[in-house]
Structure formats: C-alpha cells, structure tokens
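[1] Okay, predicted coordinates and the sequence, questions at the end:
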2 protein chains.
Amino acid sequence: MSAETREKLLQGALRTLTEQGIAKTSARSVAAAAGVNQALVFYHFGSVDDLLSEACRYGTEQRVARHRDALAAISTLGELLEFGRRMHEEERAAGSVAVLGQLLAGAQTQPRLAEATAAGLSLWVAEVEKVLVRVLGASPLGGFVDAVGLARAVASSFVGLELYEGVDPQGAERALDALEGLGELVAVVEGLGVVGQRAVRHRLRTVRRL
Amino acid sequence: MSAETREKLLQGALRTLTEQGIAKTSARSVAAAAGVNQALVFYHFGSVDDLLSEACRYGTEQRVARHRDALAAISTLGELLEFGRRMHEEERAAGSVAVLGQLLAGAQTQPRLAEATAAGLSLWVAEVEKVLVRVLGASPLGGFVDAVGLARAVASSFVGLELYEGVDPQGAERALDALEGLGELVAVVEGLGVVGQRAVRHRLRTVRRL
DNA sequence: GTCTATACATGGATAGAC
DNA sequence: GTCTATCCATGTATAGAC
C-alpha cells in the first residue's frame, strides 16, 4: 500500500534523525528504520532531502496539535511557565525537539531543508505567540515586551537547550531552572500593583530614550 | 612542517563545518579546504571525529580569548546587554557559533564529539558566568537569579538563535530585539530603589513557597 | 507499488613510495 | 611528514523484474 509505506518512511526518517543525527541520516538508514526497501525513498519522495522536508512538516504538525487545546486554556504567565516546562519535558521525550535541532543544523547549508524547517518551527512559534499575546496583552508589561519576537526567541532557545542537554545534562537542567526563576521574576513584576508598575514603566521609558 | 599542516587542518575543519555543515564535513572536504592531502587527517589526528574535537577546542579558545578583557571590564547589566549583542554579531560573522551548532548536532550521537563540544561550550559559559556573578552579585536581584544556570541558558540559547537565523533571518532579528527588551526590563527592576526591590523580594518569596 | 540489481560517487582508512 | 594508490563501506539514484 502506498500511503502506509509513505507513513513508515516519514516515521522512519524522524526516528533516524533523533537516533543517528542528520550526518548519518540516509536513504538506507531511514529505509532500514522504516522496514522497507531503500529505493522506495526515491519513488515516494524523489530525494532524501524531500523526504526529510515532508517528515519535518508531518512530525511537527502532530506534536503541535497535541498541545493546542492546553495552550488555548492558558491565561496567566504563571500557568504558562508551568505548562512550558511540562511540555518541554514531554517533547524532549518524544524527540521532536531533537528532530528540529538536527534539521536546523542541516538546513544551514540546504535551502530546501531550510524552507521546511522554518515552516515546522513556525508552527510552534505560532502557538507560543498566540498564548504570549493573550497573556502579555492582559498584563501591564504588554506594552514593553514584544510577544512576536519573544515567541521566536523561546522556540529557538528551546532547540539550543535541547542540543546542549545532549552534551551536558546537568548544565541544561540548571539552565532551565534559572530561566524558570527569571520567568517568575517577570511574573512578580507583573503582579506588583499600580505603584510599582508605574515606577517600572517610568524607568523603562527613561532607559529606552538613552 | 608538521605544526603548520596541523593548523591548516584545524582551520579547514572549522571552515568546512560553517560552510558545509556537519553532514558534509569529511576527511576529504576538510583536507580540500585546508589545501593538504586527505591522508594527513588520519596521520595527524587519527580520525575525522578526533580532528573535529580538537578543532572545537582550538577554535573556541581563540574566539573566547578575543573577548576576555572586554568581559572583565563589564560591571553593570546595561553594559552587559549592550556588549552581548555586539559580541553576538561579531561571533556570528566569524562563524564560531555556527561551528558550535553543527558540532552540537553531531555530538548528540557521538560521545567523543559530545565531550569536546561540552568542553568548548564550557569555555564560553565560564566567561559569561564570571560576568553574571559579578553583575548580579552587586545587584539586589543576585539572590533570586542563578548566575551559573543563567550563563548556561544564555550560551545554549545563542546557539539556538544562530541556527534559527539560518532559516529565518527576520524572525531571529526580532527574537533578539525582544530578548534585549526583556533584559532591559530586568535592568530596570534592578534600579527600582529600595521600596520597589523590597516589594519584588517579598512577592518572589511568596511565589516560591507555592 | 515494491523489490532486486546495478551504476556511480563519496567517504574512512591503510600501505608503501618518496 | 607528505603523497599516491588502493580497498572497502556507505550513499544516491535509476532500470527493470515481479
């Protein structure tokens, strides 16, 4: 069956990317992981890069869809921070961030992969952005923090942290804790009350003018 | 000359990693970039991975040394933010972050590379950490932000941002701007004055107890 | 649609001449 | 120390049998 084999290859590609890395992801290794013949990669996708591009879209859509409802229910920065860490742990286990890391590395020198990887990342970014716009929009900080940019920073930083975790797990753990602390700090400023907020705003304006 | 060829190979490895990526970095491609014979990779370094490991140490040490004095002169968060962006731009141009990104991707599945990459990253982390300890230690925030963890988060996030930049330059630009804004926010809280700081501290303690 | 066979290129690694 | 030659494994891609 055509559709079944296609799917096997897509999942095989994702598995190979996480388990062997972009450098050892080939038509042969993917086909082996998928349990199908190597020639089918070219029959169904034309080239290895095209397969990886489709696998990126396929995999990312599945993972993002998993969290869409939960993300839509978040309304405060505190909730967002807690959910973010849980989601990160879940995606790390599923290998979806690892896939993006490997594809991003490969995409630096291959325009075709770059396009697909950007599209995949943008699925995550769009979700994070929606939540941030909502959470920050309802907050006094909204005017000073760019949710659009922050969503992109968060998504790419998570990929960086995931890659770092692969070479220094304890360091990465500590990094995540520190970021959580920083997030709490922002959440706290958000809850300072009118007087404190006015002071923060005034100083921010002063600083920005320099 | 032995030493000269070794150096050519090390620089060739760095160039190949940035220009072709980890997936296309081979003894042959590196040797071509270095302008020497392919067999010399194995004579001087034993294997391609060993060459890449040494290149990581070699390259990172050089780049970090470049900024050591400037980093030592930084004493405020504002200075640190400004310097950070300038340094990021310089390192991006030099390709040193790209090298770390490619090596991190390869390191996920190769213990030998992982060790070397962790060591290379730790050179950056150590410098960032020293500055953060100094800057945050002199600030009322010192007790609430973990400089050690934050240094690791900063270093790995920069790698993630660099990889993201390769597939979406505008998005990465906006992400960096947003992070800068967030940094300013923290700097502002730092300068709030005694009353504001006391309020922040009190609320932080309350939040952490939950 | 899938498999076998095959071509041709690239890559890791070594032996031996210089 | 460096180069040439070479071996063998792996990878991309296609043709043709089933």
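    It's in.

[2] hey, which helix is longest across chain A?
    helix A:111-137 (DSSP state H).

[3] Quick one: distance of the following helix or strand past it to the chain centre.
    Where DSSP states H and E defines the elements, the next helix or strand beyond helix A:111-137 is helix A:147-167. Computed by CA atoms, centre = their mean, to the nearest Å, the chain-centroid distance of helix A:147-167 equals 7 Å.

[4] what angle sits between helix A:147-167 and helix B:111-137?
    If you take axes from the mean of the first three to the mean of the last three CA atoms, to 10 degrees, helix A:147-167 sits at 130 degrees to helix B:111-137.

[5] Next, the buried residues of the helix or strand following helix A:147-167.
    Where DSSP H and E defines the elements, the next helix or strand beyond helix A:147-167 is helix A:169-190. In terms of neighbour count (16 or more other CB atoms under 10 Å in any protein chain shown), helix A:169-190 has its buried residues at A:171-172, A:174-190. All C-beta atoms are positioned from the backbone trio N, CA, C, and that covers glycine.

[6] before we move on, what about stretch A:80-94?
    For stretch A:80-94, by 16+ other CB under 10 Å, it's A:80-81, A:83-84, A:87, A:91-92, A:94.

[7] JSON lines for those, including distance to B:S29 and pLDDT?
    JSON lines is the format used below for the buried residues of stretch A:80-94 (distance: CB to CB, whole Å; pLDDT from 0 to 100):
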{"residue": "A:L80", "distance to B:S29": "44", "pLDDT": "90"}
{"residue": "A:L81", "distance to B:S29": "44", "pLDDT": "88"}
{"residue": "A:F83", "distance to B:S29": "44", "pLDDT": "91"}
{"residue": "A:G84", "distance to B:S29": "40", "pLDDT": "88"}
{"residue": "A:M87", "distance to B:S29": "38", "pLDDT": "91"}
{"residue": "A:E91", "distance to B:S29": "33", "pLDDT": "93"}
{"residue": "A:R92", "distance to B:S29": "32", "pLDDT": "90"}
{"residue": "A:A94", "distance to B:S29": "33", "pLDDT": "95"}
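
[8] Those in helices, which ones?
    A:80-81, A:83-84, A:87, A:91-92, A:94.

[9] could you give the mean pLDDT of stretch A:42-55?
    Stretch A:42-55 carries an average pLDDT of 98.

[10] May I have the residues that are in contact with the residue in chain A that chain B sits nearest to?
    Closest residue of chain A to chain B, CB to the nearest CB: A:G160 (2.4 Å). When contacts are counted by CB atoms under 8 Å, 6 or more residues apart in numbering or on different chains, A:G160 touches B:156-161, B:163.

[11] Can you read off the pLDDT for it?
    pLDDT recorded at A:G160 is 98.

[12] Look up how far A:L104 lies from it.
    Using CB to CB, to the nearest Å, A:G160 is found at 10 Å from A:L104.

[13] do the same with A:A187
    30 Å.

[14] circling back: closest to DNA strand C out of the buried residues of stretch A:80-94?
    For the buried residues of stretch A:80-94, the minimum distance to DNA strand C (CB to the nearest atom of the strand) is 26.1 Å, reached by A:A94.

[15] Let me know the helix or strand that the residue nearest to the closest one when sequence neighbours are not counted is in.
    With sequence-adjacent residues excluded and distances taken as CB to CB, 6 or more residues apart in numbering or on different chains, A:A94 is closest to A:R63, at 6.5 Å. With secondary structure defined by DSSP H and E, A:R63 is part of helix A:48-72.

[16] a markdown table for the ones in helices among the buried residues of stretch A:80-94, including distance to DNA strand D?
    Converted to a markdown table, these look like this (distance: CB to the nearest atom of the strand, whole Å):
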| residue | distance to DNA strand D |
| --- | --- |
| A:L80 | 40 |
| A:L81 | 41 |
| A:F83 | 38 |
| A:G84 | 35 |
| A:M87 | 32 |
| A:E91 | 26 |
| A:R92 | 26 |
| A:A94 | 24 |
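
[17] before we move on, back to that, tell me which other helices or strands the helix holding A:R63 touches.
    On a contact count with 3 or more CB pairs under 8 Å, 6 or more residues apart in numbering or on different chains; DSSP states H and E, helix A:48-72 meets helix A:2-20, helix A:27-34, helix A:39-45, helix A:77-94, helix A:96-107, helix A:111-137.
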